[in-house]
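Enquirer: This is a predicted model, with the sequence first.
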Amino acid sequence: MAQINTKCLIIGSGPAGYTAAIYASRANMAPIVLEGPAPGGQLTTTTEVENFPGYPKGITGPQLMDDLRAQAQRFDADLRQGIATAVDFSKRPFAVTVNGSDTVLADTVIIATGASARYLGLPDEQKYLGMGVSACATCDGFFYRNRTVAVVGGGDTACEEALYLASLAEKVYLIVRKPYLRASKVMQQRVFDNPKIQILFNTNTLGLFGDEVVEGAHLVEYAGTDKEDKFDISIDGFFLAIGHKPNTDVFRGQIELDDAGFIVLKGNSSATSVPGVFAAGDVADTVYQQAVVAAGMGCRAALDAERFMLEYPL
Ligand code: NDP
């Protein structure tokens, strides 16, 4: 079992983690970055990113993350594969167990573990996971060329996934529980203008069916009203795009989380309830959840960690 010490441990490798790494490295903190189960984070499963400043023609999510990673490496951030499996924030240096065996002792910690896709909670989602059920259109869309798929959700992610899938599939149902989309106007318009996408408003999913793989979905329109109507659609793929849950299970009981599991920040800073532990990005953002905001939060967390080290050196 190996044990290493660092002035700054950054847990997570999305825009927040890599930006924190760039700033902490340039501040001579020689940070270690635990890249986690999905290096690069959620953007590696995105197609085109059109709203990250500095890319007038847009950039793919994976390329943006490769660039951020390379920028962190340029300043000698120590990027390591590994997952934080336990933490002890009761005293400094903070102890973080990696992959259940190795230990990192860190003077400061920046948590940037992001968020993961939500599922509806239907037993059929587990039954058909990887057999027609997916939460990542860019990962799995290829398998549905010229087929029929459904996307659940009415936000920007759902619209983006529906549009991406429409470029491959023959038909895309967008299953929206409300009578309107929550997505930005520009995304809504693209969805409305796409003849391959059929929006099913006021509709919820009751279950899936099929021999071994998904062949269809049981839906209900206007559930619980006198207009309630249950019907089935034939589909080959069922994509979830109903938001994300913060990746904070390992920190439960160690720092303050809100009811939804997001890390609570102190005032106008990146400080958590534990002095010396900071947080950045979607794991602590209940409002914006944008790559550029996560990057900005990563910058703030690294600056806060640097100042904390000056004030409270070990
Ligand atoms: P959102 O929280 O914005 O939207 C989630 C959607 O899923 C809503 O339509 C919601 O319905 C629906 N939903 C939630 N739970 C259920 C359920 N149990 N059953 C059925 N439907 C459900 O999440 P997104 O992931 O879409 O977006 C998160 C953030 O990321 C947003 O700020 C968004 O703007 C941003 N984003 C920006 C992109 C871009 O600009 N290119 C791309 C992707 C995301 P309801 O409305 O009824 O609550």
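Expert: Structure's in. What do you need?
Enquirer: How about the residues of the stretch 201-314 of the chain by the ligand?
Expert: Residues of the stretch 201-314 of the chain found near the ligand (C-beta under 6 Å from any ligand atom) are Ile242, Gly243, His244, Gln289. All C-beta spots, glycine's among them, are computed from the backbone N, C-alpha and C.
Enquirer: List only buried entries from those.
Expert: Ile242, His244, Gln289 (16 or more other C-beta atoms under 10 Å).
Enquirer: Let's see which of those residues end up in strands.
Expert: His244 (DSSP state E).
Enquirer: Quick check: chain neighbours aside, which residue is closest to the residue in the stretch 101-250 of the chain that the ligand sits nearest to?
Expert: Residue nearest to the ligand within the stretch 101-250 of the chain: Gly155 (2.4 Å; C-beta to the nearest ligand atom). Nearest non-adjacent residue to Gly155, counting by C-beta to C-beta, 6 or more residues apart in numbering: Arg182, 4.8 Å away.
Enquirer: got a list of what the residue of the stretch 101-250 of the chain closest to the ligand touches?
Expert: Listed by C-beta atoms under 8 Å, 6 or more residues apart in numbering, the contact set of Gly155 reads Leu181, Arg182, Ala183, Ala241, Ile242, Gly243.
Enquirer: Now tabulate the residues you listed in JSON lines and tack on pLDDT.
Expert: Shown next, in JSON lines, are these (pLDDT from 0 to 100):
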{"residue": "Leu181", "pLDDT": "98"}
{"residue": "Arg182", "pLDDT": "97"}
{"residue": "Ala183", "pLDDT": "97"}
{"residue": "Ala241", "pLDDT": "96"}
{"residue": "Ile242", "pLDDT": "96"}
{"residue": "Gly243", "pLDDT": "88"}
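Enquirer: got the contact list for stretch 65-76?
Expert: With C-beta under 8 Å, 6+ apart as the criterion, stretch 65-76 contacts 13-15, 18-19, 21-22, 25-26, 30, 33, 39-41, 43-44, 59, 79, 295.
Enquirer: ugh, typo on my part, it should be stretch 215-224
Expert: Contacts to stretch 215-224, defined as C-beta under 8 Å, 6+ apart, come from residues 132, 150, 175, 200, 202-210, 227-236, 238.
Enquirer: Which positions in it come out as buried?
Expert: Under 16+ other C-beta under 10 Å, the buried positions of stretch 215-224 are Gly216, Ala217, His218, Leu219, Glu221.
Enquirer: Look up which residues are beta-bridged to the last one.
Expert: Assessed by DSSP bridges, Glu221 has beta-bridge partners Thr203, Asp229.
Enquirer: Show me where the stretch 1-150 of the chain dips below the pLDDT cut-off.
Expert: 1 (pLDDT under 70).
Enquirer: Report the contact partners of the residue lying closest to Ser184 once chain neighbours are set aside.
Expert: Leaving aside its sequence neighbours, Ser184 sits nearest to Asp156 (C-beta to C-beta, 6+ apart; 5.8 Å). For Asp156, the contact set (C-beta under 8 Å, 6+ apart) comprises Arg182, Ala183, Ser184, Met187.
Enquirer: try it again with 6 Å
Expert: Asp156 is in contact with Ala183, Ser184, Met187, counting by C-beta atoms under 6 Å, 6 or more residues apart in numbering.
Enquirer: quick one: buried residues of the helix or strand hosting Phe308?
Expert: Using DSSP states H and E, Phe308 falls within helix 291-311. The neighbour-count check on helix 291-311 (16+ other C-beta under 10 Å) flags 291, 293-306, 308-309 as buried.
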